[in-house]
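Q: A predicted structure for the sequence below; I have some questions about it.
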Amino acid sequence: MKSVLTMTDKLIAELPHMLEEHKAIKAALAELVNAATKENKPEYAEFADKLKLHAQTEEEVMYPAAILVGEIVRMKFRN
């Protein structure tokens with residue numbers, strides 16, 4: 001279980017950098033959507049939209065859930 005704490009601490013430390021990377025990725029994906037629309041390539045726009053949704057899910061669900069689980073494990077170790 002201590003490995004969970006190590007991973008949680010690493011995620012917390014790296015999260016700001018990961019979120020900055022997501023901003024850059026989302027900006028690039030917005031450009032891809034624009035280019036795909038201009039070139040009549042809806043499959044590329046759809047790919048970009050799915051990837052943006054994936055990043056959003058990580059930011060809003062997965063990362064917070066992983067941190068929460070780690071903090072619960074940390075509390076169990078304290079008791």
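A: Arrived safely. Numbering: from 1, shown residues only.

Q: quick one: the most centrally placed residue in the chain and M18, what's the gap?
A: By C-alpha atoms, centre = their mean, the chain has its centre lying nearest to E58, at 3.4 Å. Per C-beta to C-beta, to the nearest Å, E58 is found 8 Å from M18. No exception for glycine: its C-beta is placed from N, CA and C like everyone else's.

Q: other SSEs contacting the host helix or strand of K50?
A: K50 is located in helix 42-57, with elements delineated by DSSP states H and E. Contacts defined by 3 or more C-beta pairs under 8 Å, 6 or more residues apart in numbering; DSSP states H and E place helix 42-57 against helix 2-38.

Q: relative to helix 42-57, how tilted is the helix it packs on?
A: 150 degrees (axes from the mean of the first three to the mean of the last three C-alpha atoms, to 10 degrees).

Q: L5 against V73, yeah?
A: Yes: when contacts are counted by C-beta atoms under 8 Å, L5 is listed as touching V73 (6.3 Å).

Q: the two: which is more packed in?
A: More crowded of L5 and V73, by other C-beta atoms under 10 Å: V73, with 17 against 14.

Q: A48: neighbouring residues, count only.
A: A48, neighbours per other C-beta under 10 Å, totals 21.

Q: relative to A55, how far out is it?
A: 11 Å.

Q: what's the answer for K2, then?
A: Applying C-beta to C-beta, the value for K2 to A55 is 30 Å.
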